[in-house]
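>>> Okay, predicted coordinates and the sequence, questions at the end:
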Amino acid sequence: MSVLNKIISVPLAADQYFPEETKKTQIYVHHTAGSSDPYGVFKWWASTPDRIATSFIIGGVPTKGANWKDGDIIQCFSSKHWGWHLGLKAAHLAPGGQKAKTNTELNKMSIGIEICNWGQLTKTPKGFKNYAGGIVSDKEVVELTTPFKGFKYYHRYTQAQLDNTAELITFLGDRWQIPVKYLGDRIFGICPDALQGASGLYTHVSVRPDKWDVVPQPDMIAMLKSL
């Protein structure tokens with residue numbers, strides 16, 4: 001099945017993003033730091049006036065009675081348009097030096113993909129706790145060999161999420177002529193070339209040292225290397 005047939009259109013109102021057509025040269029993979037519900041992410045974005053959003057949201061493991069499936073791709077607006085998804089301030093842009101683009105320029109030239117995932121977890125006697133105090137099932141936890149940003153345990157990206165993210169990235173790379181070859185583990189740290197607008201596939205961590213998305217889980221790295 002073509003990835004186009006997997007995309008579920010759930011459009012944001014035009015005042016929740018910028019319906020301005022811009023040339024795309026970068027793709028950024030994020031995770032939501034929230035539950036597995038892609039419609040919950042959509043509703044949150046739709047409830048604020050800030051125009052913070054990405055074109056795509058990838059759902060996670062469904063809860064009982066959920067109206068989504070693991071790996072569902074929700075599209076909020078066309079990839080030719082843009083929203084605020086990077087949140088870059090002067091301090092974040094500084095590693096890019098004099099060639100650094102502005103926050104506005106980088107948001108305009110990039111496509112964002114959000115994977116529904118809680119991110120970092122803390123092991124407690126009651127189970128693995130996310131930063132909001134909720135418990136994540138042991139079956140959905142990955143233990144890293146080397147801690148990432150001070151945490152050893154993370155919410156695992158599901159195989160369905162990774163598979164559909166890979167298909168989506170491949171499609172968007174072809175559509176916009178963006179090279180999506182894995183640039184190495186450096187994309188899990190600050191990339192001055194990303195800040196300078198270099199074409200390619202990055203993570204939110206590539207431009208924000210205060211972010212955890214996405215995490216270099218073995219399955220995530222394997223997916224990126226497969227592109």
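Received the coordinates, thanks.
>>> Which parts of the chain are helices?
For the chain, the helices defined by DSSP state H occupy 38-46, 90-93, 103-108, 159-176, 192-195, 218-226.
>>> what sits up against the first one?
Contact partners of helix 38-46, identified using C-beta atoms under 8 Å, 6 or more residues apart in numbering, comprise 10, 12-13, 16, 32, 34, 52-53, 57-60, 67-68, 72, 74, 76, 114, 116. The C-beta positions use only the backbone N, C-alpha and C, and glycine is treated the same way.
>>> Packing partners of the strand ranked longest in the chain?
Identified as the longest strand of the chain according to DSSP state E is strand 141-148. Contact analysis of strand 141-148 by 3 or more C-beta pairs under 8 Å, 6 or more residues apart in numbering; DSSP states H and E lists strand 151-155 as its packing neighbours.
>>> List the strands paired with the strand it packs on, with their directions.
Note on strand 151-155: by DSSP bridges, its sheet partners are strand 120-124 (antiparallel), strand 141-148 (antiparallel).
>>> distance between the longest strand of the chain and the chain's centre?
Relative to its parent chain, strand 141-148 has a centroid offset of 19 Å by C-alpha atoms, centre = their mean, to the nearest Å.
>>> Could you export it as PDB, CA atoms only?
Extracted in PDB, the C-alpha atoms of strand 141-148 (Å, rounded to 0.1, in the frame of the first residue of the first chain):
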ATOM      1  CA  VAL A 141      10.000   0.600  27.600                       C
ATOM      2  CA  VAL A 142      13.500   0.500  26.000                       C
ATOM      3  CA  GLU A 143      16.700   0.500  28.100                       C
ATOM      4  CA  LEU A 144      19.600   2.200  26.400                       C
ATOM      5  CA  THR A 145      23.100   0.800  26.600                       C
ATOM      6  CA  THR A 146      24.400   4.400  27.000                       C
ATOM      7  CA  PRO A 147      22.200   7.000  28.700                       C
ATOM      8  CA  PHE A 148      20.900   9.800  26.500                       C
END
